[in-house]
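Student: Following is a predicted model, sequence given first.
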Amino acid sequence: QNVLLKSSIDVGSYYFDAITYDLSLHGAKIKLNLPLQRGAEFIIEIKGNYKIPSKVSWAENGFIGLEFKYPPDRVKTIFGSLGDRLA
């Protein structure tokens, strides 16, 4: 689902601002001014509420595709009413 949500990335003890442009129960597409490599692991925080461990599945032109490390049913529970719209 296309979205425009303020997000942040927790990489170790560092936090970086990001914007989520596409969101599903499996992962997201984000804009991030940080060159993360494919396979890099981090925690994404979406809308200041939802924290999900993730890993980079692709990176191109300042965008990063990430895969959530939790199964879709757990992601849906974490997102609450937002998760219902993504199902």
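Tutor: Noted; the coordinates are in hand. Residues are numbered from 1 along each chain as shown.
Student: Show me what the longest helix anywhere in the chain is in contact with.
Tutor: Counting residues, the longest helix found in the chain (DSSP state H) is helix 72-79. For helix 72-79, contacts defined as C-beta atoms under 8 Å, 6 or more residues apart in numbering pick out Leu25, His26, Tyr50, Lys51, Ile52, Phe68, Tyr70, Gly83, Asp84, Leu86, Ala87. Bear in mind the C-beta positions are built from the backbone N, C-alpha and C, glycine included.
Student: Which ones among these map onto strands?
Tutor: Tyr50, Lys51, Ile52, Phe68 (DSSP state E).
Student: tally of neighbours for the third one?
Tutor: By other C-beta atoms under 10 Å, the residues close to Ile52 number 19.
Student: Next one: it from Tyr70, what distance?
Tutor: 6 Å (C-beta to C-beta, to the nearest Å).
Student: same thing with Tyr50?
Tutor: Relative to Tyr70, and taking C-beta to C-beta, Tyr50 is found at 11 Å.
Student: rewinding a little: kindly export the longest helix of the chain (C-alpha atoms) in PDB.
Tutor: C-alpha atoms of helix 72-79 as PDB (Å, rounded to 0.1, in the frame of the first residue of the first chain):
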ATOM      1  CA  PRO A  72       3.000 -11.200   8.600                       C
ATOM      2  CA  ASP A  73       0.500 -12.200  11.400                       C
ATOM      3  CA  ARG A  74       2.800 -10.600  14.100                       C
ATOM      4  CA  VAL A  75       3.400  -7.500  12.000                       C
ATOM      5  CA  LYS A  76      -0.400  -7.100  11.600                       C
ATOM      6  CA  THR A  77      -0.800  -7.300  15.300                       C
ATOM      7  CA  ILE A  78       1.900  -4.700  15.900                       C
ATOM      8  CA  PHE A  79       0.300  -2.300  13.400                       C
END
